[in-house]
Structure formats: structure tokens, C-alpha cells
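> Take a look and give me a structure for this.
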Amino acid sequence: MPERDIPPWSAPNAAALKAATRDAAVESLPGGYAAVLPAPFAAPVPYRDARYGWRYSRAVYVFAPVRKATGRNAPPPGLRLIVTVHHEPPDTARAQQTARLISRLLRLHFEHFGRDAAFPRDADRAEVWLASETPSGAQEAGGETRDNQVYFFATGSPRSLLEWTRTVVHEWGHLTMYAARGFTEPENDAGGFLGERLYLKWLWEEKTITAPLGDGVTRDGLDLYHERQIQPLIARFNKAGPAAEALGGMGQESMNYYIGGILASDSAYGSALTGRALRSIGGVRPRDFFAALRAERQAAAVRQKSRPKQKVSRR
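Predicted coordinates for the structure are as follows:
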């Protein structure tokens, strides 16, 4: 925990957030999000990571819009602190870039799934830690996610913009995506690779929209990733469908096939229905998603039939 809190945890709007925060810029981002970027000369705010004991003196803050809600305990509309990106001075530019990208991922999640991303164990906020070092036993990993704590290692190592974007989105997938588990490779939990492919698909689909400057996302990078990591998975699934043998395994090939099915569903049936299927999965095996998808499609068809027909006026 910090010795003092900068900025406040909530504010009515970006202007109020700016007025309440000293020595910092407040960026208004698409979708009603905001980022608080402390100036280089701002007083340090000491933090200590509980897992590794690493110490930090700087942070960038991401604020999300509070959705309209009713009830006695409903929060007032405005902005709330949702992510803190901890870093040291050499990583200031990378921390700001990462905060803008995270804001974009939060927005895409809400726009596509119709609800805000939920963090593990019902945490109100996520903590992101940019580390210049790599812990022992994690030399092959670019980062890791444990509950609502997200780590990115070896921040000083040279990486392309696409590779850093992919690393951030992968860990964000572990944090926010419901996915099958129990795979033998490349990871036990498919959430990272599912989030990586699905979020980057959404980023690619909005590539013609004016994006926030400085989030590290480039059109060339999105085109390259989509061509190599998204299109082939969708095409392979569309060719064989959910009855394919590949869906029954638990290796890398099966994980890719499972993810291809979710990407294909997102394209064919829309993100809202796909998101409902992901949230309603009754188990952790790859085939469970497709059972949930069938149920959600049937429920959607029933809802459609029960809607009253609109009368067409004739003149």
C-alpha cells in the first residue's frame, strides 16, 4: 500500500479529478476513461509489492466510468480508480503506454460483452507491476497474473511495439477472460491465449477508428498478428466445426482449436452472445463452451420469437 493516496479513488469527472490531483496530467480517453500521469518532478509515492518484495516509487492510474445503477448503495456516476500501474522512473514511458492500452482493453470488453471486466475474487481494482528483473523460475515468461496482480518482467529488454502489446494483452486475458483449463501445453489456463487473440481481434476490427495516441498499437502490427494468429484459427475451425477430434485433446493444438472456435463464434454470432456463453460455461473443458453456446443461441431464438411484432402503418 502507498504511504499516501494520489489521486483520489473517485471523482465526478475528469475536470474534478484534475483539480484534486497535484503535479499530474489527466488524459481523457475514449469511452469515458481517464489516465492520471504524474509529472517527473511529482513527489514519489512508495509502494511495495507483496509477492516479490519489490519497491516502487511511481505509478500511473487508470480511471473507469461508473455505470448508471439504482439502489441505496449504488455508487454515484463519475470516475473510479480501477487500475494502478506501478513502475520506476526508467519505465515511465512504458507505464504510460501500458495504462492507455489497458484503458482501451477495458473499453473494448464493455463494448463487446456489454459489461465491465470482472477481476478475480471480486477485486475492485487491479494492480500492474512493471519489473526490470525476472524472478527465478520465470525466465521464459514475459509476465504473470495472480489473482488481481499482473506482473511484466524484464521491462528494459528490447521488444517491438507488437511484442509488448501482445504481452500486455496476454496477461490481461488471464485477468479478465473465462476460459477452459487443464491443458498440458503451452499453459494450463487458456485465458491468456484466448484474451490475446480475442482482444487483438477487436483491436484489429477497430483499426480504422482514431485510437488514443501512445498506447503502442500500430496498424501494421495488428495486420500482421491477425494474418498469422487469428485468421488461420478461424478458418481451421470453420472447416471442421465443433465435432472435430482436435477439440477433445488438451495439448497446444487443441487449445488453438478451442480458441479458434470462440473467435469464429465472435465473428458469426456476435460478441454479446459469445460473452454470455463464456460466462455461463458449466465446466472447464474445451467442449463446455460449445454446449453453452448452443444453449445461449437457443435462448436468444426464444427471446426473439417472444418479442411482439411491430405493426407496420400503411398509408
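
> Can you pull the domain assignment for the chain?
Using automatic domain parsing, the domain ranges for the chain come out as 1-160, 177-298.

> Lowest average pLDDT across those?
Mean pLDDT across those is lowest at domain 1-160; the value there is a mean of 91.

> tell me how far that domain is from the chain's mean position?
In terms of Cα atoms, centre = their mean, to the nearest Å, the centre of domain 1-160 is found 12 Å from the chain centre.

> try stretch 259-268
Remark: stretch 259-268 is offset 17 Å from the chain centroid, using Cα atoms, centre = their mean.

> For it, which residues meet the burial criterion?
259-266 (16 or more other Cβ atoms under 10 Å). C-beta here means a position set from N, CA and C on the backbone, and glycine is covered the same way.

> same check, this time on stretch 150-169
Here stretch 150-169 shows 150-155, 159, 162, 164-169 as buried, counting by 16+ other Cβ under 10 Å.

> what comes up buried for the helix or strand hosting Thr98?
Assigned by DSSP states H and E, Thr98 belongs to helix 92-113. Residues 92, 94-110, 112-113 are the ones in helix 92-113 that count as buried (16+ other Cβ under 10 Å).

> same check, this time on stretch 291-303
So for stretch 291-303, counting by 16+ other Cβ under 10 Å, buried means 291-293, 296.

> got JSON lines for these, with distance to Gly195 and secondary structure too?
Shown next, in JSON lines, are those (distance: Cβ to Cβ, whole Å; DSSP: H, G, I helix; E, B strand; the rest coil):
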{"residue": "Ala291", "distance to Gly195": "21", "secondary structure": "helix"}
{"residue": "Ala292", "distance to Gly195": "18", "secondary structure": "helix"}
{"residue": "Leu293", "distance to Gly195": "18", "secondary structure": "helix"}
{"residue": "Glu296", "distance to Gly195": "20", "secondary structure": "helix"}
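
> related to what we said a few turns ago, elements contacting the helix holding Thr98?
strand 24-29, strand 33-38, strand 58-66, strand 78-87, strand 126-130, helix 161-176, helix 191-205, helix 271-279 (3 or more Cβ pairs under 8 Å, 6 or more residues apart in numbering; DSSP states H and E).

> Next, the angle from it to strand 33-38.
On the basis of axes from the mean of the first three to the mean of the last three Cα atoms, to 10 degrees, helix 92-113 is oriented at 170 degrees to strand 33-38.

> between helix 92-113 and strand 58-66, how big is the angle?
Per the same axes, to 10 degrees, the angle that helix 92-113 makes with strand 58-66 is 20 degrees.

> what's near enough to touch the closest residue to Pro135 other than its chain neighbours?
Excluding the flanking residues, the one nearest Pro135 by Cβ to Cβ, 6 or more residues apart in numbering is Tyr52, at 6.0 Å. Tyr52 sits next to 131, 135, 151 when contact means Cβ atoms under 8 Å, 6 or more residues apart in numbering.

> and what of Thr176?
Contact analysis of Thr176 by Cβ under 8 Å, 6+ apart lists 105, 109, 117-119, 195.

> what sits against Lys207?
Lys207 is in contact with 219, 222-223, counting by Cβ under 8 Å, 6+ apart.

> will you turn these into a markdown table that also has neighbour count and secondary structure?
Listed next are the contacts of Lys207 as a markdown table, based on neighbours: other Cβ atoms under 10 Å; DSSP: H, G, I helix; E, B strand; the rest coil:
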| residue | neighbour count | secondary structure |
| --- | --- | --- |
| Arg219 | 12 | helix |
| Leu222 | 20 | helix |
| Asp223 | 12 | helix |
